[in-house]
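Asks: For reference, the sequence and a predicted model appear below.
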Protein chains: 4
Amino acid sequence: MKEDEKLSPWKRKIHEIIYEADTPMGKLFDIILFVIIIFSVILIMLESVKAIDAEYHEILFVLEWIVTIFFTIEYIARIISIKKPSHYIFSFYGIIDFLSTIPLYISYIFAGSQVLLAVRAFRLLRVFRILKLARFLGEASQLKRALKASRAKITVFLFAVLIASVMMGTLMYLIEGDEAGFTSIPTSIYWTIVTLTTVGYGDIAPITPQGQAIATIIMLLGYGIIAVPTGMVTAEFSKQSREDTSNLKDSGSYVHINTQSCPTCSKEGHRDDATHCYNCGSILNE
Amino acid sequence: MKEDEKLSPWKRKIHEIIYEADTPMGKLFDIILFVIIIFSVILIMLESVKAIDAEYHEILFVLEWIVTIFFTIEYIARIISIKKPSHYIFSFYGIIDFLSTIPLYISYIFAGSQVLLAVRAFRLLRVFRILKLARFLGEASQLKRALKASRAKITVFLFAVLIASVMMGTLMYLIEGDEAGFTSIPTSIYWTIVTLTTVGYGDIAPITPQGQAIATIIMLLGYGIIAVPTGMVTAEFSKQSREDTSNLKDSGSYVHINTQSCPTCSKEGHRDDATHCYNCGSILNE
Amino acid sequence: MKEDEKLSPWKRKIHEIIYEADTPMGKLFDIILFVIIIFSVILIMLESVKAIDAEYHEILFVLEWIVTIFFTIEYIARIISIKKPSHYIFSFYGIIDFLSTIPLYISYIFAGSQVLLAVRAFRLLRVFRILKLARFLGEASQLKRALKASRAKITVFLFAVLIASVMMGTLMYLIEGDEAGFTSIPTSIYWTIVTLTTVGYGDIAPITPQGQAIATIIMLLGYGIIAVPTGMVTAEFSKQSREDTSNLKDSGSYVHINTQSCPTCSKEGHRDDATHCYNCGSILNE
Amino acid sequence: MKEDEKLSPWKRKIHEIIYEADTPMGKLFDIILFVIIIFSVILIMLESVKAIDAEYHEILFVLEWIVTIFFTIEYIARIISIKKPSHYIFSFYGIIDFLSTIPLYISYIFAGSQVLLAVRAFRLLRVFRILKLARFLGEASQLKRALKASRAKITVFLFAVLIASVMMGTLMYLIEGDEAGFTSIPTSIYWTIVTLTTVGYGDIAPITPQGQAIATIIMLLGYGIIAVPTGMVTAEFSKQSREDTSNLKDSGSYVHINTQSCPTCSKEGHRDDATHCYNCGSILNE
């Protein structure tokens, strides 16, 4: 990992535009990218509406190609403007970018590859980075912390819910039978979860008095159970809110992280005053 | 804005009646206004019930005109009795008052302008002001503070829910197809939100085992997700409640037993609403 | 309110049995009463099931008369064994007891008076007193306190929900129309509340894309709104839990209240060591 | 209970394998057992799907016998390798193990004994022990503590919900009648709980305006009521979390920035996962 192995000037320029958002060009690129991602998602939606697709198929097809070509160019630019392309290619965003780009190409080879277009929705996640939502990212990381701290509790809880669902589902299958829609144990388990989570579609519903009695128990159980994740996450939030209040002076850990990514290893989350990457130690662009 | 540019006496009188609620006339006006607003909303509801409209169309039409005329007079009075009419006209309430008044007039020009009658429901908001619910407004502002403090978190959260809905909706569209009601991606996204929020109409429901499996995941996700806004708002409320507590002196408002001692036998520990000593039965001082 | 205006000895005996639960006879009476109340409620349920009523109508009718006669005797005994019958007759329990007793009598005069039988479910509330659930009453009063403290917030909240429902309901009525089940504004408001509360029957569901879009907004709104009452009540509970912890020494206010009721004014909630009624000052039975 | 009454060496060996998980053999046994339990539950599910059962009946039947024989051997081994077999046989797990084993045997005697197969889902509970989820068990016990501490409140609450359901159910039965599906009071109570818990299947739904009005009240009630268990459990969690916090030293686990200083430039405030100094790029000590 030699320090002098620098990118050529025009590659550095592209890197600045694509990966950073501090220069006017970088900002402009981010806005254009954001608009095109939103546009590409709306495009997929419109294509799926039969009435619209029937009438505007030609236009939608052309627009789809334009988006695909833009994504292709962006993908190539991202690869050539980074020192270690493999870091980007196999990163979370790298894979999503790839899968968002190829469907149209491979649709000539495999029918039904349109399925991959759905992956584009993931590109929407870039919006957080694009909008420089430092404040929001702070909040998101607070959400993440709360979820992480409650992880063990949530695992126990989900496991308990699943075991209860298997039990109750089997019971309902034995009681209700085919007529009411409980055609198999997996279907019954599906119904139990629909009931426990208080979704209640009503496509399957008990009709015998015994089945209705057990359904009532499941519902009251679900009523109580819904309190558990809420209670856990709330207690976490409250704890953090208390800690944030008492740590006000020395915290600052959520503020000073900018949108720059390392030109060598593309790690993000550098301090504003950082001059070297905290991960690989190479010099960061100004 | 000269101070001496006063309103004429009778305009000041109207201003006092309409805008203030401290004089008997002002109070009376507020009560009448409140009753007429409620009445006008009920009127719109009744008109929409076909059976009632068919039989009482004439009466309802006349009552609608009476309400409209009252609102017209009120609107004009509000304008002329204020120094800067534009302040009122372009205020939130001013626009609502205007839109609540005109539908009947313009219904002769544009068919379907009855739509605007729905705006009247907004006039119900005046009730807060009319009833001078200072205490309630205090509570409302606490609600508002809690929501405001959680705004960033809520934005991140809603954005995450929307991205998840787009993803899951697209997936379900690909798996289920037309037969189960998943006729397009927007419809599938609608279904996903119906499921995530645990509303679950059941007008669209998965029928394939894979679809039901993914629906189960969405439901459990929704189950966990519902904990997040609750946790955020609760943590805010708790924080405010703690702050309120530490700002206040120890009020002892929950200790139902007061500090009075019986004037006859000097026993202590009487209930707050006690009028006689529980020990000797003699009358307690006020 | 003279002190010497005592009840005759046998009336005092009845009073002890019916109103108190400290003697063996009193306990026995309470248990019998409890069983008969449960039994009377089950009886009404069975009568409503057509298949059961058709086959066992005679038996059910006889049992209904037995319960009615027991309730009649109990009601009369309660009146004669108290010094101020009007206190009992016009109390909450007095009215419920009366309405639970008369239906069968007046069913010969007014058809459909069976409706009143439903009032019997209220008698179930006596179970709390009967089971001497001092600890549970403590908890119930904590619930009550939490609800009371949140009352103003809940009122603002419910009012806001109702105004939002009227607005949204009217909007949906205008968008969807008859075909989807939105036949009138009241029906639309009903649908809006079904959606906001995440119940979602699905008997009425939007079918136009615009309607579904607005429904989505209502659902997400409901999703956020559900956080508000939960947050309020939770914050209250947390506050009380904190206060209970810090007041542990001097509280004791929930423990020492027994099941005795004053023979004169039938007020309840006396301290265990009370010898006089805290309300009217008359001497309490040992 | 004499100490010298030892198990024979090979029984001790079996005991070690089955009941303990510290030896390699014990671990292997636990893993095999876990896999077979999961497998046996999946087997029951597959048998219940008619299409699968029709085609693979023979295979499933053979697999069912294999599982049953494994469970039989395990059950016998558990009994003989323990000093006091009665302790195991009449324990919670002992009974479940027995009921999970016998269905296939007694299916030759009693038809429909397959019902007992559902009991196997309970065997899934062993997973907690098998995976030695000490940490998770800790969390589970925290859940248990929270539920236990809230038990009295939950009882009062459930009782109140049930009484309200009986009341409201009876009322709806009287208002709606057969046409809307309210065929008897028990069915109406079932519907009330479906509504109160916000499940809302929609198989039964009010059709008269009065019925819809009362349904609206029930829903709003349910909306408020759902706050109560959540509030209780959350307050408990918060309390425990506060207690846990004050029992622990200040752990600083949420401060993502550690206390290390760079050995070269002595800058502080590095990320926890940093390997290089963000200021000078030199390598940080482990």
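Replies: Here it is on my side, so go on. Keep in mind it's a predicted model, so treat the numbers as computed, not measured. Residues are numbered from 1 along each chain as shown, chains lettered A, B, ... in the order given.

Asks: could you give the mean pLDDT of stretch A:24-42?
Replies: Confidence for stretch A:24-42, expressed as mean pLDDT, is 86.

Asks: make that stretch A:189-208, sorry
Replies: Averaged across stretch A:189-208, pLDDT comes to 90.

Asks: Between the two ends of it, how far is it?
Replies: 18 Å (CA to CA, to the nearest Å).

Asks: what comes up buried for it?
Replies: Taking 16 or more other CB atoms under 10 Å in any protein chain shown as the basis for neighbour counts, the residues of stretch A:189-208 that come out buried are A:189-206. From N, CA and C alone the C-beta is placed, and that goes for glycine too.

Asks: One more: stretch A:89-97?
Replies: Along stretch A:89-97, the positions that meet the burial threshold by neighbour count (16+ other CB under 10 Å) are A:94, A:96-97.

Asks: Quick check: residues of chain A near chain C?
Replies: A:198-202, A:230, A:234, A:238 (CB under 8 Å from any CB of the partner chain).

Asks: These in helices, which ones?
Replies: Counting by DSSP state H, the part of the residues of chain A next to chain C found in helices is A:230, A:234, A:238.

Asks: quick one: contacts for the last one?
Replies: Contacts for A:S238 were tallied using CB atoms under 8 Å, 6 or more residues apart in numbering or on different chains; they are B:234-235, B:238-239, C:238, D:238, D:241.

Asks: what's the farthest-apart pair in those residues?
Replies: Using CB to CB, the contacts of A:S238 reach their maximum pairwise distance at B:K239 and D:S241, which is 14.5 Å.

Asks: ok so, going back, pull the most distant pair out of the residues of chain A next to chain C.
Replies: For the residues of chain A next to chain C, with distances taken as CB to CB, the pair at the greatest spread is A:G202 and A:S238 (36.5 Å).

Asks: ok so A:A121 is a helix residue?
Replies: Yes: when the secondary structure is assigned by DSSP: H, G, I helix; E, B strand; the rest coil, A:A121 falls within a helix.

Asks: Following the record's annotation, map out the domains of chain A.
Replies: Chain A breaks down into these domains under automatic domain parsing: A:3-132, A:138-251.

Asks: Helices along the stretch 151-286 of chain A, start to end?
Replies: A:151-176, A:185-196, A:209-225, A:227-246 (DSSP state H, counting those that start in this stretch).

Asks: Next, see if the shortest one gets close to chain D.
Replies: It stands for helix A:185-196. Yes: on the criterion CB under 8 Å from any CB, helix A:185-196 is in touch with chain D at A:185-186, A:189, A:195.

Asks: how close does the most far-flung residue of chain A relative to its centre sit to chain B?
Replies: Relative to the C-alpha centroid of chain A, counting by CA atoms, centre = their mean, A:P209 is the outermost residue, at 43.4 Å. Remark: distance between A:P209 and chain B (CB to the nearest CB, to the nearest Å) = 22 Å.

Asks: Could you do A:I154 as well?
Replies: To chain B, A:I154 is 7 Å away according to CB to the nearest CB.

Asks: Do I have it right that that residue meets A:M232?
Replies: Yes: here A:I154 lies in contact with A:M232, judged by CB atoms under 8 Å, at a distance of 6.9 Å.

Asks: So between these two, which is more surrounded?
Replies: In terms of neighbours (other CB atoms under 10 Å in any protein chain shown), A:M232 is the more surrounded of A:I154 and A:M232; the figures are 30 against 19.
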